[in-house]
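Visitor: need a structure here:
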Amino acid sequence: MFCRSRFSRVFVSVCLALIVAVSAVCSAAADCGDGDVWLVSTRRLPGICRVPATANFDVEHRVDGRWMSADLAELLGDSSRPLVIFIHGNRYESHDAKAQGVAVARRLEAQGSFATPPRTVVFSWPSQQQGGLIASSRDNYRRSYADGHYLARLLGDVSPEQPVAIIGYSFGGTIAVGAIEDLVAADRDPSRGVAPWVGRPGRTHLVLVAPAIRHDALAPRGPFAAATSGIDRLTLVINSSDLALKMFPHLDPHRGTDALGVVGMPRRWLPGSVEFAATDAANIVGRKHAFPLYLESSTLARRIIAGAVAGLAAE
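Guide: The predicted structure is shown next:
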């Protein structure tokens, strides 16, 4: 049985680093606007193994500091606005996901220069802890694959002309690349019921922050290799000192691969047309695994926001 040794006690203590800090990231700009912020939640939806024909997402819109019930048609009704989708990581309650999404939107408002302001969407998935820390983390890792299919369903309904940026943190990286892989596969299999993604007029930018995903995910023979043909830019922010990510091989002992968020990846794995930038945040963030630390750093926040929205839409 797993967790019977001194190593297991170390594993438990390190996994505590997965506890998400949800302090106000925009405290220095408490009066800054939130922008146009929405929530799409899969927390009430079951696990799935392929892109669904439909999905009954819970949708909310933040209006004057309050979250109000909304619908998907409303969210997708304005294709003139670029979409910036934030996907959180492990051990997030619903209110944590909302708080972090608002922090991302505030950074966009503070640092972006837009002809057309983007619409920020918080993709909230059921990553809250249930049961023991180790078992819950493993369950949530498996669940992240299902939520990649749900995100593909959402993106499959986005207008082809609408620019899209996805910021995936920790397990959110698995969801992001899984969704794009699904969308690329739809080009070869129309029965999946989503619009073709490769060659769409709107640009697609992907930002992975401390991604808790296999280091070879985007390798030519990796599990998500096809996703590289569905993006125009990849911005990778790793942390080679992240203690929690260094335990990633033990989430799936049968595979035992390192995390992309620790070891990074080479440029040659991407098509020549894909813009690529990589940063190691170890000297700034240290050994902790917490998204707010990335937004609290002006250097890292600029790289994340620029990776997402610089050149995303015509000025």
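
Visitor: count the neighbours of the residue nearest to Trp125 when sequence neighbours are not counted for me.
Guide: In space, and not counting its chain neighbours, Trp125 is closest to Asp147: 4.3 Å by Cβ to Cβ, 6 or more residues apart in numbering. All C-beta atoms are positioned from the backbone trio N, CA, C, and that covers glycine. Look at Asp147: counted by other Cβ atoms under 10 Å, it has 28 neighbours.

Visitor: what is the helix or strand Asp147 falls within packed up against?
Guide: Per DSSP states H and E, Asp147 falls inside helix 133-156. On a contact count with 3 or more Cβ pairs under 8 Å, 6 or more residues apart in numbering; DSSP states H and E, helix 133-156 meets helix 6-15, strand 119-124, helix 172-186.

Visitor: which stretch in these has the least confidence?
Guide: Ranked by mean pLDDT, the helices and strands packed on helix 133-156 bottom out at helix 6-15, which scores a mean of 42.

Visitor: by contact count, what packs against the helix or strand harbouring Arg106?
Guide: Following DSSP H and E, one finds Arg106 within helix 94-111. On a contact count with 3+ Cβ pairs under 8 Å, 6+ apart, helix 94-111 meets strand 36-41, strand 83-87, strand 119-124, helix 291-296, helix 298-309.

Visitor: in it, what counts as buried?
Guide: 94, 96-110 (16 or more other Cβ atoms under 10 Å).

Visitor: which stretches of the stretch 1-150 of the chain have low pLDDT?
Guide: 1-33, 112-113 (pLDDT under 70).

Visitor: my bad, should have said the stretch 201-315 of the chain
Guide: In the stretch 201-315 of the chain, residues with pLDDT under 70: 253-254, 314-315.

Visitor: if we go to 80?
Guide: For the stretch 201-315 of the chain, the stretches flagged by pLDDT under 80 are 252-256, 314-315.

Visitor: that one: helices as residue ranges?
Guide: For the stretch 201-315 of the chain, helices defined by DSSP state H, counting those that start in this stretch occupy the ranges 243-246, 260-263, 282-285, 291-296, 298-309.

Visitor: what's the closest of these to Gly89?
Guide: Proximity to Gly89 (Cβ to Cβ) singles out helix 291-296 among those, at 6.8 Å.

Visitor: output the contacting helices and strands for that closest one.
Guide: Using 3+ Cβ pairs under 8 Å, 6+ apart, helix 291-296 is in contact with helix 94-111, helix 282-285, helix 298-309.
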